[in-house]
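> using only what follows, build the 3D model:
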Amino acid sequence: MNATTPLADLRRDYKLASLDAADLAADPIEQFARWFEQAQRAQVPEPNAMTLATVTADLRPSARIVLLKGFDAQGMSFFTNYESRKGEELATRPHACLVFNWLELERQVRIEGRVEKVAAAESDSYFKIRPLASRYGALASPQSRVIADRQVLIDRENNLRSQYGEDPPRPAHWGGYRVIPEQFEFWQGRRSRLHDRFRYLLKDGTGTRAWQIDRLAP
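Presented below is the predicted three-dimensional model:
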């Protein structure tokens, strides 16, 4: 296809793999780990890139791409400016949806849950292992705020570098969030748009994190 292909004709038939109930791990974090490892082995570009969808105070959807920086039994973590638009939205409505789109594998993963800030010590630890330029970027950028031009950022960074040298501190307004999953959906593309979709739904009141698994129509 080329750039002149009509939008209505932009389509592909998915045929790389299938997904059946027998293929699934009992725990969705384990299933995610399997797929994430396969995405890395397949050299999917930035396999940890994910859409983060939040809700504004007036109930409007809001979304952007961020990078997953950790996952375990507690949930999925990412780091950002707490005073950014997404930070303000999460402060008001602490729920989010994450979407991973691995086109090379014809797969998607969707995760929904409540959101909380990670412990300050965890944010400190991650901040210290970031590249120095990224640490200064976090310090210099008043994320989501209007600025006059790019020179504002350059000047702020230069001033901060003069002040802190090779060891800038983590700013109090920057740190991590953890999405604590309540629902997962694993999507595998199939022929004729008859895709395989499985949902893990957290059961309440069991005392443990037990999951109900259902196949959904595509």
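
> show me what the spatially most central residue of the chain bridges to in the sheet.
Central residue of the chain (C-alpha atoms, centre = their mean): residue 50, 3.8 Å from the mean position. Going by DSSP bridges, residue 50 is paired in beta bridges with residue 66.

> mind checking pLDDT for it?
As predicted, residue 50 sits at a pLDDT of 98.

> so who does it touch?
Under the criterion of C-beta atoms under 8 Å, 6 or more residues apart in numbering, the contact partners of residue 50 comprise 65-68, 78, 98-100. Where C-beta positions appear, they are placed from N, C-alpha and C, glycine not excepted.

> test my guess that residue 52 contacts residue 68.
No. Judged on C-beta atoms under 8 Å, residue 52 makes no contact with residue 68 at a distance of 9.5 Å.

> CSV for the contacts of residue 50, including neighbour count, pLDDT and distance to residue 12?
Formatted as CSV, the contacts of residue 50 follow (neighbours: other C-beta atoms under 10 Å; pLDDT from 0 to 100; distance: C-beta to C-beta, whole Å):
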residue, neighbour count, pLDDT, distance to residue 12
65, 11, 98, 22
66, 17, 98, 27
67, 13, 98, 26
68, 20, 98, 26
78, 22, 98, 30
98, 21, 98, 24
99, 17, 98, 19
100, 23, 98, 19
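
> doesn't residue 184 make contact with residue 25?
No. Proximity of residue 25 to residue 184 does not meet the contact threshold set by C-beta under 8 Å, at 10.7 Å.

> what about residue 196, distance to residue 110?
If you measure residue 196 against residue 110 using C-beta to C-beta, to the nearest Å, the figure is 14 Å.

> now swap in residue 169 and tell me
Remark: distance between residue 169 and residue 110 (C-beta to C-beta) = 36 Å.

> the more surrounded of these two?
residue 110 (19 against 11; other C-beta atoms under 10 Å).

> give me the phi and psi for the more buried one.
Recorded main-chain torsions at residue 110 are phi -120, psi 140, according to degrees, to the nearest 10.

> quick check: closest non-adjacent residue to it.
When the adjacent residues along the chain are set aside, residue 110 lies closest to residue 185, with 4.2 Å between them (C-beta to C-beta, 6 or more residues apart in numbering).

> same deal with residue 137?
Closest residue in space to residue 137, ignoring its immediate chain neighbours: residue 157 at 7.4 Å, by C-beta to C-beta, 6+ apart.

> that neighbour touches residue 136, doesn't it?
Yes. Here residue 157 lies in contact with residue 136, judged by C-beta under 8 Å, at a distance of 5.2 Å.
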